[in-house]
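give me coordinates for this.
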Amino acid sequence: MLVSDVFTSAVVRVSRSTTLQEAARLMRKQHVGALVVTDEGLERDRPLGIVTDRDIVIKGVADGLSAQSAVGEIMTQALATVLRTDTLTQALDLMRTRGVRRLAVAEPGGELAGILSLDDVVERLAGEVGALHGILGNELAREIAQPQPAAG
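Below is the predicted model:
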């Protein structure tokens, strides 16, 4: 399975000057746990970093920053990125080694294509496991429905 089979192309972006309060409100409105921080200029699709709901709490509120502080003060700049053509196994390995739950997804040319979250992966794999369970259940039902030869 490829990253392109699972990732979300709808990325919510903010600039590094966006306040923590604005970021939190946007997360609530868009029902997301992370925002990709992009350049305010011409290269709007060039990701500079990421800010998560956890960053706002752990790096912002816990450290006493004002709600008017900029996300640029707390964003993670070393944005972990995979290509949409990478395998899901490669993406999960990167999540594990970097200790992150979200990855930026890039096109082969480097443009931002979307975001891959651990939640996306779990949802997709749960569907796959459900399909496998259905196959096993149908096989058993077929066996039970077939007439059995008389014991001889």
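
now Arg46: how far from Arg96?
For Arg46, the distance to Arg96 equals 26 Å [C-beta to C-beta, to the nearest Å]. Every C-beta, even on glycine, is put in place using the N, C-alpha and C of the backbone.

those two: which has the busier surroundings?
Neighbour count, other C-beta atoms under 10 Å: between Arg46 and Arg96, Arg46 has more, with 12 against 9.

not counting sequence-adjacent ones, nearest residue to the more buried one?
Asp39 (5.3 Å; C-beta to C-beta, 6 or more residues apart in numbering).

ok, Gln90 next?
Val82 (6.5 Å).

tell me which residues of the helix or strand where Leu26 lies come out buried.
Here Leu26, judged by DSSP states H and E, is contained in helix 20-30. Within helix 20-30, the residues scored as buried using 16 or more other C-beta atoms under 10 Å are 20, 22-24, 27.

nearest to Ala34, of the residues you listed?
Met27 (7.8 Å; C-beta to C-beta).

what residues are up against that closest one?
12, 33-35, 53 (C-beta atoms under 8 Å, 6 or more residues apart in numbering).

just the buried ones from the residues you listed?
12, 34-35.

so can I have JSON lines of the residues you listed showing secondary structure and distance to Glu123?
Output for the buried ones among the contacts of Met27, formatted as JSON lines (DSSP: H, G, I helix; E, B strand; the rest coil; distance: C-beta to C-beta, whole Å):
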{"residue": "Val12", "secondary structure": "coil", "distance to Glu123": "18"}
{"residue": "Ala34", "secondary structure": "strand", "distance to Glu123": "16"}
{"residue": "Leu35", "secondary structure": "strand", "distance to Glu123": "20"}
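
that concludes my questions; thank you for your assistance.
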